[in-house]
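Student: What follows is a predicted protein model with its sequence.
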Amino acid sequence: MLIPAPDLLPASVRAFVERHGREPSWRASAPGRVNLVGEHTDYLGGLCLPVALGHRTWVVAAPRTDSRVHLTSGDALEWSGDTSHLTGSPLRGWASYVVGALRAVGWQGGLDLHVESSVPVGAGLSSSAALICAVVTAVTERSPDDLLRAALEAEQVHVGAPTGGMDQTVSLLARPAHALLLDFAGGGLPAGRPVPWSPERDGVELLVVDTGVRHANDDGAFARRRAEAEAAMALSPDEVVAARDPLPRRRRHVDSENDRVRRVVAAVERHDWTEVGALFTASHVSLRDDHEVSCVELDAVVEAARTAGALGARMTGGGFGGCAVVLVPTTQRDRVVARVSAAARAAGHPEPSFLPGEAGGPATRHRAAGPSHVDLSQAQ
Ligand code: ADP
Ligand code: MG
C-alpha cells in the first residue's frame with residue numbers, strides 16, 4: 001500500500017553499463033525531502049522543518065577523455081552535448097539541472113552520467129534538489145558546505161528556478177531519524193539544527209500522500225505569491241493594517257507559520273503528537289485561506305485524513321498540487337489510506353499514492369563494490 005524506498009544503485013550501474021558501454025567511476029545518491037512545517041517561509045528569512053525521505057535519486061558517472069557530455073535518465077531521457085554547454089546561456093529541460101550542477105562545481109571536460117530516481121517528479125518532494133545534490137556529490141569531493149553553495153547556485157542561477165534554500169540544505173545535511181530546523185534569518189545559509197524525529201517509536205507515523213496533481217514552477221503562480229509575500233513582509237505593522245487585501249493575509253500566513261514551526265519543534269521534543277497534528281492542520285488552513293497556495297485535491301486529502309483518524313494533515317511543498325503530509329497513529333494508518341483513496345475517487349480526483357515519511361539520511365557517495373557491499377550506512 002505504501003511505496004517502499006528502493007535501492008536503485010544496482011539498477012543505475014546496470015543502466016550505465018548498457019547505455020554508456022563501460023563501468024561508472026562514481027556513484028552517489030541524494031534524498032528527496034518533505035517539509036513538516038514552515039511553508040513559503042525559507043525565501044522570506046523564516047523557519048522551516050524538513051526531513052529527508054527514504055526515496056532518493058541515484059547518479060552514476062564517469063569522465064570522458066573527449067569533450068562529449070552524454071546524460072541519460074531512467075528508460076526514456078537522453079541528452080547529448082559537449083563542453084561548450086558548460087558555459088554560456090542557460091539550458092532548458094531536465095538536462096539543465098545536471099548541466100547546472102556541473103557548471104556550479106566548475107566541471108570541465110567530457111562526462112557520461114546516468115540518473116535513476118524513485119522521488120516523484122514535480123510533486124513537491126524536491127526531485128530537482130535530489131538530482132542536483134546527487135550530481136554534485138558524485139562528481140566532486142568537497143565539504144558539505146561547499147556542495148551546498150554549488151547546489152544552490154545550480155538551481156537558482158543555472159536553472160533559474162525561484163527556490164529558497166530548504167531543499168538543497170536538507171538533501172545534503174540531513175541526519176537519519178532527525179528533522180532539520182532551518183532558520184533563514186540574516187540571508188545566509190542556515191547551519192540547521194537537527195531535531196530528533198521518530199514518531200514511529202511512539203506508535204505514530206508520517207505518511208506522504210501524493211495527489212498526482214502536478215505543479216509547474218514556471219506557471220507564474222508561485223512567483224506571484226512570492227512577490228506578494230515579499231511586499232507584505234516589507235511593511236511595518238501599521239502599514240500592514242492599512243494595506244489592501246491580500247497583503248495582510250500573506251503577512252499573517254508567514255508570521256503565524258514561523259510561530260507554528262517553533263511550536264511544532266517544542267511539541268516534537270516533548271513527544272506531544274496530538275499537538276504536532278493540530279499544528280499541521282492549522283498550517284494547512286493558513287496555506288489554504290491566507291496564502292492561497294492549496295488546491296481542491298490537497299484540501300480533500302487533508303479533510304479525509306482528519307475525519308478518518310489522523311492527528312493532523314497539511315499540504316507540503318510549494319503547493320498548487322503535489323503532496324500532503326499526514327500524521328497518523330499506526331493503528332489508524334490503513335484506514336486513513338483507504339478513506340483518502342475513496343474520497344479522491346468519489347470526487348473524480350487522480351488516484352493518490354502513499355509514501356512512507358520515515359526520516360532518511362543525506363546525500364552520500366557509494367563505494368564501487370558489488371550490490372551486497374553497497375555502503376548505505378548513511379543513506380538509511
Ligand atoms: P520537484 O522538485 O517538486 O519535484 P521541480 O519542478 O522543482 O519539481 O523539478 C522537477 C524537474 O526536475 C523535472 O521536470 C526534471 O526536469 C528534473 N528532474 C527531477 N528528477 C529527475 C530525474 N530523475 N531525471 C531527469 N530529470 C529530473
Ligand atoms: Mg524542485
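Tutor: Sure, I can see it. Numbering: from 1, shown residues only. Ligands and ions are numbered 1, 2, ... in the order given.
Student: which secondary structure element contains residue 61?
Tutor: In this assignment (DSSP states H and E), residue 61 forms part of strand 50-64.
Student: now the helices for the stretch 251-380 of the chain?
Tutor: Remark: helices assigned in the stretch 251-380 of the chain by DSSP state H, counting those that start in this stretch are 273-289, 296-307, 333-347.
Student: Format the ones you listed as CSV; extra columns: mean neighbour count, distance to ligand 2 and mean pLDDT.
Tutor: For the C-beta atoms, the positions are set from N, CA and C on the backbone; glycine is no exception. Output for the helices of the stretch 251-380 of the chain, formatted as CSV (neighbours: other C-beta atoms under 10 Å; distance: least, C-beta to the ion, whole Å; pLDDT from 0 to 100):
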stretch, mean neighbour count, distance to ligand 2, mean pLDDT
helix 273-289, 21, 17, 98
helix 296-307, 21, 17, 98
helix 333-347, 17, 24, 98
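Student: mean confidence score for the strand holding residue 61?
Tutor: Averaged across strand 50-64, pLDDT comes to 98.
Student: With stretch 19-39 instead?
Tutor: Mean predicted confidence for stretch 19-39 is 98.
Student: Just the CA atoms of it, as CSV, please.
Tutor: What follows is stretch 19-39, C-alpha atoms only, in CSV (Å, rounded to 0.1, in the frame of the first residue of the first chain):
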residue,chain,number,x,y,z
ARG,A,19,23.8,2.9,-22.2
HIS,A,20,27.3,4.2,-21.9
GLY,A,21,29.2,0.9,-22.6
ARG,A,22,31.5,0.9,-19.5
GLU,A,23,31.6,0.9,-15.8
PRO,A,24,30.9,4.1,-13.9
SER,A,25,33.7,5.6,-11.9
TRP,A,26,31.4,7.5,-9.4
ARG,A,27,28.2,6.6,-7.6
ALA,A,28,26.1,8.8,-5.4
SER,A,29,22.6,9.3,-4.2
ALA,A,30,20.7,12.2,-2.6
PRO,A,31,17.3,12.2,-0.9
GLY,A,32,14.0,13.9,-1.8
ARG,A,33,12.5,15.7,1.2
VAL,A,34,9.3,16.5,2.8
ASN,A,35,8.7,19.7,4.8
LEU,A,36,7.0,19.0,8.2
VAL,A,37,6.0,22.7,8.7
GLY,A,38,7.2,26.2,7.7
GLU,A,39,5.9,26.6,4.2
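Student: just how off-centre is it within its chain?
Tutor: The chain centre lies 12 Å from the centre of stretch 19-39; the measure is C-alpha atoms, centre = their mean, to the nearest Å.
Student: residues of it that come out buried?
Tutor: 20, 24, 26-39 (16 or more other C-beta atoms under 10 Å).
Student: In the strand holding residue 61, which residues are buried?
Tutor: Counting neighbours by 16+ other C-beta under 10 Å, strand 50-64 gives 50-62, 64 as buried.
Student: Need those in a markdown table (columns: distance to ligand 1).
Tutor: Output for the buried residues of strand 50-64, formatted as a markdown table (distance: C-beta to the nearest ligand atom, whole Å):
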| residue | distance to ligand 1 |
| --- | --- |
| 50 | 13 |
| 51 | 15 |
| 52 | 14 |
| 53 | 12 |
| 54 | 16 |
| 55 | 11 |
| 56 | 10 |
| 57 | 5 |
| 58 | 9 |
| 59 | 9 |
| 60 | 13 |
| 61 | 14 |
| 62 | 18 |
| 64 | 20 |
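Student: Which single one of those is nearest to residue 113?
Tutor: Closest to residue 113 out of the buried residues of strand 50-64 is residue 61 (4.0 Å), distances taken as C-beta to C-beta.
Student: how about the closest residue in space to that closest one that isn't next to it in sequence, what does it touch?
Tutor: With C-beta to C-beta, 6 or more residues apart in numbering as the criterion, residue 61 has its nearest non-adjacent residue at 4.0 Å, and that residue is residue 113. Going by C-beta atoms under 8 Å, 6 or more residues apart in numbering, residue 113 touches 59, 60, 61, 70, 71, 72, 98, 135, 138.
Student: ok, the closest residue to ligand 2 within the chain - contacts?
Tutor: Of all residues in the chain, the one sitting closest to ligand 2 is residue 128 (3.3 Å; C-beta to the ion). By C-beta under 8 Å, 6+ apart, the residues touching residue 128 are 97, 155, 159, 161, 163, 167.
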